[in-house]
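[1] Fold the following.
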Amino acid sequence: MKRRVLTQALLIGMVRVPAFAADPLPTMQETPSLVDRVKSGALPPVGKRIPEQPRIIERFAGGDGPGKHGGQLNMLISGSRDTRLMTVYTYTRLIVYDEKFQLHPDILESYEVKDGREFTLKLRAGHKWSDGHPFTTEDFRFFWEDVANNSDLSPSGPSVELLVDGQPPKVEIIDALTIRYSWAKPNPHFIESQARAAPLFLFRPAHYFKTLHGKYTPEDDILKLHKGSRWANVFRRQDAMYGNSNVDMPTLNPWVLTTLPPAQRFVFARNPYFHHIDQKGQQLPYIDDVIMTVAATNLIPAKAGFGEADLQSRYLSMRDYTFLQKSAKQSGIRVYLWESGSCSQLALYPNLTASDPEWRKLMRDVRFRRALSLAIDREDLNQSVYLGLAKPSNNTIMERSTLFKPEYATKWATYDPKLADKLLDEAGLNKRGSDGYRRLPDGRPATIVIEHSSEETEDTDALQLISEFWKKVGIKMVSKPQTRENFRLRAFSGDAIMTAFAGYVTAVPTVDTNPREFAPTMQGGLQWSRWGMYVESKGKQGETCDMPSACKMMDYLQEWETSTDASVRRKAWGEILAANADEVFSIGTVNGIRQPVVVGPKVHNVPKEGYHAWDPGGYIGLYQPDTFWIGQ
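    The predicted structure follows:
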């Protein structure tokens with residue numbers, strides 16, 4: 001019988017989302033590299049290492065079907081901190097997106113959602129941590145009571161995703177495999193927070209962390225074994241659920257770190273208790289070891305081209321494509337071009353909360369913002385900088401999204417310097433100096449200083465070309481590089497009048513994806529950072545939104561957040577995206593550029609075409625790297 005996966009997550013009423021029907025398991029085959037450990041008694045046989053109902057993988061993104069065990073996969077990283085990429089790439093989560101951006105249980109056997117406010121999570125019986133210890137709701141209880149609500153470890157209390165109107169959930173441990181989180185009102189963030197590239201982890205390996213926690217182990221005993229002035233400092237340092245830098249911490253990921261940082265070469269060995277199997281009865285992952293080798297960032301493209309990486313996308317860009325293709329003739333690598341997931345490869349953010357009153361007034365004039373957008377020849381930009389492989393667009397969602405409408409990408413984004421001239425005149429910039437550039441109403445030159453922190457050649461080239469476009473309509477633009485820290489400080493303080501940065505990351509939303517990135521809710525929103533600061537600090541910092549067209553986005557967001565009805569949420573998304581395009585709160589350039597992905601000649605099941613983005617899916621995580629395998 002074909003197993004059926006349900007793809008719905010947040011609907012009205014009760015929805016139960018199972019991973020698979022309870023079909024009989026295939027006859028299990030022992031992993032060759034683990035046979036000796038099983039024979040010696042160091043490991044139980046595979047049938048006792050997997051859950052009673054493991055996740056059975058039947059679809060393989062690369063089309064190479066079930067693989068075979070063995071081999072190692074080599075990747076290149078820029079430093080010890082990049083061990084966190086294994087958390088991102090392996091994409092082992094309570095709930096995950098698939099390649100069609102539908103949600104499914106992964107670690108969970110199933111979950112139920114009632115009225116968008118009650119979430120019941122069911123674990124897999126017999127699931128174990130990488131050290132063989134049972135994975136149960138005790139790991140969730142420990143996190144909730146002893147980490148999230150411990151003032152030494154979490155001074156600010158639980159994460160914002162766990163608060164609704166400032167109130168935490170009621171957490172009920174139903175039994176060893178079932179836990180329930182409930183709120184008085186819907187929590188639109190909860191499910192989505194579990195499927196992120198950097199998820200909100202709701203659990204910790206309690207049996208391990210109790211040895212580092214002052215409630216369970218005397219502080220003196222902890223400090224005898226670990227450097228630190230307090231037990232809480234030791235705990236935080238060892239808590240590497242995302243950072244993946246603690247060799248002693250058990251994991252649920254397919255591979256386990258075995259190399260103590262810092263190092264030049266990190267080895268991740270297979271997790272003998274991983275919960276995925278294929279329909280032939282082989283426990284995943286197929287590959288025995290993943291090796292991450294540190295290299296200088298500027299040398300990674302060359303090393304990848306020469307075959308020193310079996311799978312590499314990090315630190316590669318389109319400027320490397322020609323070289324990689326030429327190198328492939330000698331090294332045998334394959335170079336795939338995946339679609340890069342970003343609302344805009346480079347976006348410009350007029351600072352609506354700029355400190356300079358004259359510039360603030362101008363930035364808030366929609367005619368000015370529209371004019372700057374109309375003055376950019378995106379087709380020329382695409383051909384000149386991105387080899388014609390991108391799509392001219394506003395800073396908006398991509399065509400892959402079911403919410404996409406063409407006008408979101410094109411409104412006020414078609415090259416029209418004549419209309420741009422007219423709008424600039426209407427906005428009060430109708431006087432020019434002897435140099436041909438427009439003057440502000442107070443007589444100063446209308447020179448826009450665009451501050452950025454990018455070191456990418458394409459970004460520099462794009463900004464230079466945009467300055468030439470704007471010169472034709474009488475606007476002088478100066479590009480000013482900053483350190484990342486100074487860039488943030490100047491943007492958040494209002495000293496920067498315009499910034500250049502990557503576009504929105506919510507590029508392929510579904511109706512159940514939170515649209516808060518498109519509203520002034522976060523300090524990181526560069527066009528309205530001080531309004532976002534006000535929201536995030538609960539009024540203690542920043543400024544309250546006082547621009548009606550921008551404030552309206554908050555109303556649309558609230559419509560989405562307070563409803564569990566798909567039609568209401570879709571309508572709210574449409575209003576947000578339509579307003580985003582019409583008001584030009586940010587100025588997009590192109591999206592859908594290509595991301596080179598180098599694949600070694602012996603690596604199988606990596607798709608030729610893919611979607612490469614931070615969220616959803618963790619770059620390669622959508623395609624389940626535990627299913628990749630090494631052939632001859």
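[2] Helices of the stretch 301-450 of the chain, residue ranges please.
    Counting by DSSP state H, counting those that start in this stretch, residue ranges of the helices within the stretch 301-450 of the chain are 321-331, 357-363, 366-374, 378-385, 406-410, 417-426.
[3] any idea of the mean pLDDT in the shortest one?
    Taken as a whole, helix 406-410 carries a mean pLDDT of 98.
[4] In it, which residues are buried?
    For helix 406-410, the buried set under the neighbour-count rule, 16 or more other CB atoms under 10 Å, comprises Tyr408, Ala409. Placement of C-beta: from N, CA and C, glycine included.
[5] residues making contact with it?
    Judged by CB atoms under 8 Å, 6 or more residues apart in numbering, the contacts made with helix 406-410 from elsewhere in the structure are Lys391, Pro392, Ser393, Asn394, Thr396, Ile397, Leu577, Ala578, Asn580, Ala581.
[6] For it, what is the distance to the chain centroid?
    Using CA atoms, centre = their mean, to the nearest Å, the distance from the centre of helix 406-410 to the centre of the chain it belongs to is 24 Å.
[7] try the fourth one
    The chain centroid and the centroid of helix 378-385 are separated by 27 Å under CA atoms, centre = their mean.
[8] now do the second one
    Using CA atoms, centre = their mean, we find the averaged C-alpha position of helix 357-363 to lie 33 Å away from the chain's own average C-alpha position.
[9] Return the set of buried residues in that helix.
    For helix 357-363, a neighbour-count test (16+ other CB under 10 Å) marks Glu358, Trp359, Arg360, Leu362, Met363 as buried.
[10] Can you tell me which of these lies closest to Gly592?
    Each of those was scored against Gly592 by CB to CB, and Met363 proved nearest at 27.8 Å.
[11] which one is that closest one nearest to, not counting chain neighbours?
    In space, and not counting its chain neighbours, Met363 is closest to Pro350: 4.2 Å by CB to CB, 6 or more residues apart in numbering.
[12] show me the contacts for that neighbour.
    Under the criterion of CB under 8 Å, 6+ apart, the neighbours of Pro350 are Met363, Phe368, Arg369, Leu372, Ile497, Met498, Gln527, Phe585, Ser586, Ile587.
[13] and the last one, what does it touch?
    If I follow you right, that is Ile587. Residues in contact with Ile587, defined by CB under 8 Å, 6+ apart, are Ala347, Leu348, Tyr349, Pro350, Arg369, Leu372, Ser373, Ile376, Asn394, Asn395.
[14] and the residue lying closest to it once chain neighbours are set aside, bridged to which residues?
    Counting by CB to CB, 6+ apart, Ile587 lies nearest to Leu348, which is 4.1 Å off, once chain neighbours are set aside. Beta bridges link Leu348 to Ala500, Ile587 when assigned by DSSP bridges.
[15] Low-confidence regions, the protein specifically.
    Across the chain, the stretches falling below the confidence threshold (pLDDT under 70) are 1-16, 18-23.
[16] what does the domain assignment say about it?
    When the chain is parsed into structural domains using automatic domain parsing, the resulting residue ranges are 14-204+239-313+597-630, 347-591.
[17] how about the nearest residue to Glu172, chain neighbours excluded?
    Ranked by CB to CB, 6+ apart and with sequence neighbours excluded, the top spatial neighbour of Glu172 is Arg180, at 4.4 Å.
[18] Look up how far Gly503 lies from that neighbour.
    Arg180 sits 38 Å away from Gly503, taking CB to CB, to the nearest Å as the criterion.
[19] before we move on, what about Trp255?
    In this structure, Trp255 and Gly503 are separated by 32 Å, where distance is defined by CB to CB.
[20] hang on, the earlier thing: list the residues that contact the residue nearest to Ile587.
    For Leu348, the contacting residues are Leu372, Ile450, Ile466, Met498, Thr499, Ala500, Ser586, Ile587, Thr589, by CB under 8 Å, 6+ apart.
[21] so which of these is the most crowded?
    Neighbour counts for the contacts of Leu348, by other CB atoms under 10 Å, peak at Thr589, which reaches 30 neighbours.
[22] What's the local residue count around the nearest residue to Leu387 once chain neighbours are set aside?
    Leaving aside its chain neighbours, Leu387 sits nearest to Met318 (6.2 Å; criterion: CB to CB, 6+ apart). For Met318, the tally of surrounding residues (other CB under 10 Å) stands at 20.
[23] shouldn't Met318 be in contact with Val385?
    No - with contacts counted by CB atoms under 8 Å, Met318 stays clear of Val385, the gap being 9.2 Å.
[24] hey, what's in contact with both of the two?
    The overlap between the contact sets of Met318 and Val385 (CB under 8 Å, 6+ apart) consists of Glu458.
[25] Nearest to Lys472, out of the contacts of Ile587: which one, please.
    Using CB to CB as the measure, the one of the contacts of Ile587 that approaches Lys472 most closely is Ile376, at 10.5 Å.
[26] so who does the closest one touch?
    Ala413, Tyr415, Ile466, Phe469, Trp470, Ile587, Thr589.
[27] Against Pro105, how distant is the last one?
    What it means is Thr589. In this view, Thr589 and Pro105 are 38 Å apart by CB to CB.
[28] His161 in helix, strand or coil?
    Just to correct that, residue 161 is Glu rather than His. Each residue gets one of three states, and Glu161 gets helix by DSSP: H, G, I helix; E, B strand; the rest coil.
[29] Wait, it touches Gln194, no?
    No - Glu161 lies out of contact with Gln194 (CB under 8 Å); the separation is 9.2 Å.
[30] Could you check which of these two is surrounded by more residues?
    Gln194 (24 against 18).
[31] List the contacts of the residue lying farthest from the centre of the chain.
    Among the residues of the chain, the one whose C-alpha is farthest from the average of all C-alpha positions is Ser434, by CA atoms, centre = their mean at 48.3 Å. Contact criterion CB under 8 Å, 6+ apart gives no residues in contact with Ser434.
[32] ditto for Ala500
    In this structure, Ala500 makes contact with Leu346, Ala347, Leu348, Tyr349, Ile450, Glu451, His452, Ser454, Asp459, Leu463, Ser479, judged by CB under 8 Å, 6+ apart.
[33] now do 6 Å
    Under the criterion of CB atoms under 6 Å, 6 or more residues apart in numbering, the contact list for Ala500 reads Leu348, Ile450, His452.
[34] repeat for Arg490
    Arg490 sits in contact with Ala496, where contact means CB under 6 Å, 6+ apart.
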